[in-house]
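Asker: The following block contains a protein sequence and its predicted model.
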Amino acid sequence: MPAAAPAGTYTLVVVSNRLPVDYEEAPDGTVTWRTSPGGLVTALEPLMRSSHGAWVGWPGVADRDFEPFENDGISLVPVRLTETDIEDYYEGFSNDTLWPLYHDVIAPPSFHRETWDAYVAVNRRFAASAVAVAAPGATVWVHDYQLQLVPRMLREARPDLVIGFFNHIPFPPYGIYAQLPWRKQILHGLLGADVIGFQRVADAGNFSQAVRRLFGYPTRGVVIDVPSGEDGDSRRVIAKHFPISIDAAAYDELARRPEIQARARQIREDLGNPKTLMLGVDRLDYTKGIGHRIKAFGELLADGRLSVEDVTLVQIASPSRERVSTYMALRDEIELAVGRLNGDFSTISHTAISYHHHSYPREEMVAMYLAADVMLVTALRDGMNLVAKEYVAVRFDVDGVLVLSEFAGAADELKQAILINPHDIDGTKDAMVRAVEMPKRERTRRMRSLRRKVAENDVAAWSASFLRALTGGAAVPAGIPDDLDAELESLARVENLLIALDFDGTLAPHVDHPEDARAVEGTREAVQALLDLPGVRVALVSGRALVSLQHVAQPQSSVLLTGSHGIEVQLDTPEIELNLLSSELEQLDILARVLGAISASVSGTTVERKPAGLALHTRLASEKGGQTAQRQAREQLSEQLPGLTVREGINVLEFSVRSSTKGDALQKLREYTGADRVFYAGDDVTDEDAFSVLGDDDLGLKIGQGATLARYRVRSPKEVTEVLIRIAALRSGQTS
Ligand code: G6P
């Protein structure tokens, strides 16, 4: 095997408990690296291959040292775990404490101080391995509940790194999370990341709530301000949902292969060609609701609503965590239930449940999915459940019915499945019968919509949106991207549409003197075209003081205006709304004195007075001078006016006596206009506050490079104008 590149050169490093391959040694001594279990592998493999990153993880065997090596185009960096580490860190704290705690305490979590100590020590080892291979400024993406302390450890060792974390499993509600004796340490560990990804909106919300309750840090939408130093500085951490997916095209492609279809037919034949084949595919885990599924199936057979002559249930239960006692007990319980049910209902020619305690290669799974008329996903709690997505991706014949637990993350997206509450056995039974009896037309209609969903958000889209939020990604091409154009069409159709636009850097290129900024040619006409259309409102959302915004933008009178990050608003009135307390006015005076003195001593810096604050502009100063001025301002003001809101933009540091963000401004505008959907375009970090309050139906457009929560990106103000013209054309029906 070729040796991997030398340490410290990888610009993308993935860290997860397991490497994507497991070490296996046959009795004759032959060594193989087998693709390891778990959804993560399938999810990240394509990304790792295309970006030539390194993957840090455990090779699945105890007490063995391996040099970094390359496998299938991916550089692997094995982390050694001793037998005791496996018992305490992996089986103990990860899978007997965190796993049950994070899955709604379906099984009781254990809390042991020794296993916590092992968790800390092993997390440190993973962090050290990542630190050793990461290039300066590299992006490190840490995965899952086994490694929640790693982000902080990385940040402390290497502040140059960009750090992402993705939690593949649920994050529990505060009432449950609070049971954890080390609840603060875990949050602190996670908050070392720049972006913390979750599967569902609810998981990200639970996390932010835990941060508020335990640390009191301010949160705004998906943004958490984490104090980062003595001088009142804070780091912006994003906690947001990024639902994971699969390589949908690869599953589709496999399913279309003639040999796999032949295998699917063979499976049905071997089972005696039942009218309906039901399928369950799970790791043998108590979160999967396998027992509930078997109970419901057994009752349907007992009630005579289903019969073994017609229906067979194939249950694949892949072995998992077999030395953890809860898992041993579960296996006994499930196998007893299967045995009983088969004893009660199977005939010589028909087996009720065909049960398999194995894992199978992907090809065989695809054949099973193709063979199955009904797929049962009855998880009691599940981060995402990729099996549900795999089933959908495989069904290129646009047939088959997915019965899906609403407690699986996939239920947030796969709304056209038959959604069930698996605790409700009667409801689950009804859903199973409905699935068996569903007419072809309805099956096709539902499957078509499910397939669209899975194809749209495949694993490439998932990792791209996470990395966009984390790093900003690659250079932005000119023009309107095709996928944006498709979305503009649906956006243009809504009844009430709000088009909210930042000014500097979005409509107008950045210039050296802020008062010289002007919108690019054609913007005024584009805005006018939008204003002429019924049901459309246009707003400017700026960090500038309103007076300054009016001066540079010269907006039409029906344009809604918000300035000073939402502190000033002018909504269809001649007056500007703004109220400041006398204490705030006093603070403004002190602020003006401090910044005035700094600006006088560092050449090239200027101070802009705003209604509720002041901005120190350093664009024209030397790099060193700019940094010095900004540092002095931060230091002096954190002492004299500790409660100020500090905001950093491109070559500008702004201090406000009242905290407000462009997110607040946008919320106000949304409320005022009663818009059904919102389009927001912006270029700067302060625009991220606005992107963070956009809903799934809204559309965010980022201008230029940089990390962003916006779904789309264009290169420059020129393209923004093109987008505005396009929206106006689409809405007025004047499109080619
Ligand atoms: C879940 C977890 C993964 C884990 C997988 C298999 O999908 O989110 O992190 O790898 O289960 O579990 P195991 O304990 O065998 O790694």
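Answerer: Happy to help now that I have it.
Asker: contacting residues around the helix or strand hosting G175?
Answerer: Secondary structure from DSSP states H and E places G175 in helix 174-177. With contact meaning C-beta atoms under 8 Å, 6 or more residues apart in numbering, helix 174-177 is reached by L101, D104, V105, F171, R183, N206, Q209, A210, R213. The C-beta positions use only the backbone N, C-alpha and C, and glycine is treated the same way.
Asker: Skip the chain neighbours and tell me the closest residue to T82.
Answerer: Nearest residue to T82, sequence neighbours excluded (C-beta to C-beta, 6 or more residues apart in numbering): D63, at 5.4 Å.
Asker: still on that earlier bit, format the contacts of helix 174-177 as TSV; extra columns: secondary structure, distance to N95 and pLDDT.
Answerer: Output for the contacts of helix 174-177, formatted as TSV (DSSP: H, G, I helix; E, B strand; the rest coil; distance: C-beta to C-beta, whole Å; pLDDT from 0 to 100):
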residue	secondary structure	distance to N95	pLDDT
L101	helix	11	98
D104	coil	15	97
V105	coil	14	96
F171	coil	17	98
R183	helix	18	98
N206	helix	20	98
Q209	helix	25	97
A210	helix	21	98
R213	helix	26	96
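Asker: pLDDT at the residue in the stretch 451-600 of the chain positioned nearest to the ligand, what is it?
Answerer: Here the residue of the stretch 451-600 of the chain nearest the ligand is V459; by C-beta to the nearest ligand atom that distance is 14.1 Å. In this model, V459 is scored at 87, pLDDT.
Asker: where does it fall, phi/psi-wise?
Answerer: Phi and psi for V459, reported as degrees, to the nearest 10, are phi -70, psi -30.
Asker: wait, it sits on A249?
Answerer: No. If you go by C-beta atoms under 8 Å, V459 and A249 don't touch, sitting 9.8 Å apart.
Asker: Who has more neighbours out of these two?
Answerer: Taking other C-beta atoms under 10 Å, V459 and A249 do not tie; V459 has more neighbours (23 against 14).
Asker: part of a strand, is T139?
Answerer: Yes. Counting by DSSP: H, G, I helix; E, B strand; the rest coil, T139 is found in a strand.
Asker: now it, which residues is it bridged with?
Answerer: L12, V162 (DSSP bridges).
Asker: same deal with the one 4 residues further on?
Answerer: Beta-bridge pairing of H143 under DSSP bridges involves F166.
Asker: OK, contacts around it?
Answerer: Under the criterion of C-beta under 8 Å, 6+ apart, the neighbours of H143 are V14, V15, S16, N17, L40, L44, F165, F166, H168.
Asker: make it 7 Å
Answerer: Contact analysis of H143 by C-beta atoms under 7 Å, 6 or more residues apart in numbering lists V14, V15, S16, L40, F166, H168.
Asker: okay, now the domains of the chain?
Answerer: The record's domain parsing of the chain by automatic domain parsing lists 10-241, 248-457, 476-578+660-732, 582-656.
Asker: what's the closest of these to A464?
Answerer: Each of the domains of the chain has some distance to A464 by C-beta to C-beta; the shortest is domain 10-241, at 8.6 Å.
Asker: Could you give the separation between the terminal residues of the closest one?
Answerer: 27 Å (C-alpha to C-alpha, to the nearest Å).
Asker: same deal with stretch 647-658?
Answerer: Distance across stretch 647-658, first residue to last, is 12 Å (C-alpha to C-alpha).
Asker: I'd like the distance from that stretch to the chain centre, please.
Answerer: The chain centroid and the centroid of stretch 647-658 are separated by 28 Å under C-alpha atoms, centre = their mean, to the nearest Å.
Asker: Name the residue closest to the centre of the chain, please.
Answerer: For the chain, F242 is the residue whose C-alpha lies nearest the centre (C-alpha atoms, centre = their mean; 1.9 Å).
Asker: my guess is that residue contacts W462, does it?
Answerer: Yes. The criterion here is C-beta atoms under 7 Å, and F242 meets it with W462 at 6.1 Å.
Asker: Minimum pLDDT in the contacts of H143, which residue is that?
Answerer: Minimum pLDDT for the contacts of H143 is recorded at L40 (63).
Asker: could you pull out the strands for the stretch 251-400 of the chain?
Answerer: 276-283, 311-318, 353-356, 374-377 (DSSP state E, counting those that start in this stretch).
Asker: related to what we said a few turns ago, quickly note the distance from the residue nearest to T82 to the ligand.
Answerer: To the ligand, D63 is 18 Å away according to C-beta to the nearest ligand atom, to the nearest Å.
Asker: I'd like to know how many residues surround that residue.
Answerer: Applying other C-beta under 10 Å, I find that D63 has 11 neighbouring residues.
Asker: Tell me how far the residue of the chain most remote from its centre lies from V308.
Answerer: Most distant from the centre of the chain: I348, at 49.4 Å, with distances by C-alpha atoms, centre = their mean. Per C-beta to C-beta, to the nearest Å, I348 is found 11 Å from V308.
Asker: Could you do G221 as well?
Answerer: As judged by C-beta to C-beta, G221 and V308 stand 53 Å apart.
Asker: now the helices: where do they sit in the stretch 101-250 of the chain?
Answerer: For the stretch 101-250 of the chain, helices defined by DSSP state H, counting those that start in this stretch occupy the ranges 113-133, 150-157, 174-177, 183-190, 201-215, 248-255.
Asker: Distance to the ligand added to these, as TSV?
Answerer: Listed next are those as TSV, based on distance: least, C-beta to the nearest ligand atom, whole Å:
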stretch	distance to the ligand
helix 113-133	13
helix 150-157	13
helix 174-177	17
helix 183-190	15
helix 201-215	13
helix 248-255	18
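Asker: Can you tell me which of the ones you listed is most buried?
Answerer: Among those, helix 150-157 has the highest mean neighbour count (mean count of other C-beta atoms under 10 Å), at a mean of 22.
Asker: any idea of the angle it forms with helix 113-133?
Answerer: Counting by axes from the mean of the first three to the mean of the last three C-alpha atoms, to 10 degrees, helix 150-157 lies at 50 degrees to helix 113-133.
Asker: now the angle from helix 150-157 to helix 183-190?
Answerer: Using the same axes, to 10 degrees, the interaxial angle of helix 150-157 with respect to helix 183-190 works out to 60 degrees.
Asker: who touches helix 150-157?
Answerer: Identification of contacts with helix 150-157 by C-beta under 7 Å, 6+ apart yields 15, 123-124, 126-127, 130-131, 140, 142, 161, 163, 165, 188-193.
Asker: Distance from the chain centre to it, please.
Answerer: 21 Å.
Asker: so what pLDDT did the closest residue to the ligand within the stretch 501-650 of the chain get?
Answerer: Residue of the stretch 501-650 of the chain nearest the ligand, by C-beta to the nearest ligand atom: E648 (35.8 Å). We have a pLDDT of 85 for E648.
Asker: What of the one 3 residues further on?
Answerer: The pLDDT attached to N651 in the predicted structure is 89.
Asker: Could you tell me the phi and psi values at the residue nearest to it when sequence neighbours are not counted?
Answerer: Residue nearest to N651 in three dimensions, not counting chain neighbours: R619, with 4.0 Å by C-beta to C-beta, 6+ apart. Dihedral angles of R619 (phi, psi; degrees, to the nearest 10) stand at phi -60, psi -40.
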